[in-house]
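[1] What follows is a predicted structure for the sequence shown.
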Amino acid sequence: QVQLVESGGGLVQAGGSLRLSCAANGRTFSRYTMGWFRQPPGKEREFVATINGSGGRAEYADSVQGRFTISRENAKNTAYLQMNSLKPEDTAVYYCATSRIAFTPLSASTAYWGQGTQVTVSS
């Protein structure tokens, strides 16, 4: 059974930074794509970033490109999302996700999900 546990959310002022962590267990971490999604208040869940198993390739939503950085430490079975220059519109519940099948891209429809962590950016 795959378990994902997010941490690092909180309240921050606009322009500030936060780092989210996602600890995974239950299988060989380095074989699976990791990603972050978010759900703003009253809106649908949206893609934020994804990173492949080796950490050599990352993709970002246009809205966070240049401000957020996704990374991973395979030795620690942990993925991260460094969020800089935060804006009030970044306020959301952030979810960690991982691909269901090894060496495949992350698909929101088939992913395993964490429980989410709240990020609130005040203006």
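    Okay, I see it.

[2] and the residue nearest the centre of the chain, bridged to which residues?
    Nearest to the mean C-alpha position of the chain, counting by CA atoms, centre = their mean, stands residue 36 at 2.4 Å. On the basis of DSSP bridges, residue 36 is bridged to residue 49, residue 96.

[3] Identify the residues contacting it.
    20, 22, 48, 49, 50, 70, 79, 81, 94, 95, 96, 97 (CB atoms under 8 Å, 6 or more residues apart in numbering). Where C-beta positions appear, they are placed from N, C-alpha and C, glycine not excepted.

[4] any idea how far it is from residue 8?
    11 Å (CB to CB, to the nearest Å).

[5] what touches both of the two?
    residue 20.

[6] Just checking the distance from stretch 33-42 to the centre of its chain.
    7 Å (CA atoms, centre = their mean, to the nearest Å).

[7] ranges for the helices of this structure?
    Read by DSSP state H, the chain holds no helices at all.

[8] quick one: contacts for the residue nearest to residue 90 when sequence neighbours are not counted?
    For residue 90, ignoring the flanking residues on the chain, the nearest one in space by CB to CB, 6 or more residues apart in numbering is residue 121 at 5.1 Å. Residues near residue 121 by CB under 8 Å, 6+ apart: 11, 12, 13, 14, 16, 86, 87, 88, 89, 90, 91.

[9] So for the first one, what's the nearest residue that isn't a sequence neighbour?
    Read that as residue 11. Per CB to CB, 6+ apart, closest to residue 11 is residue 120, 4.7 Å.
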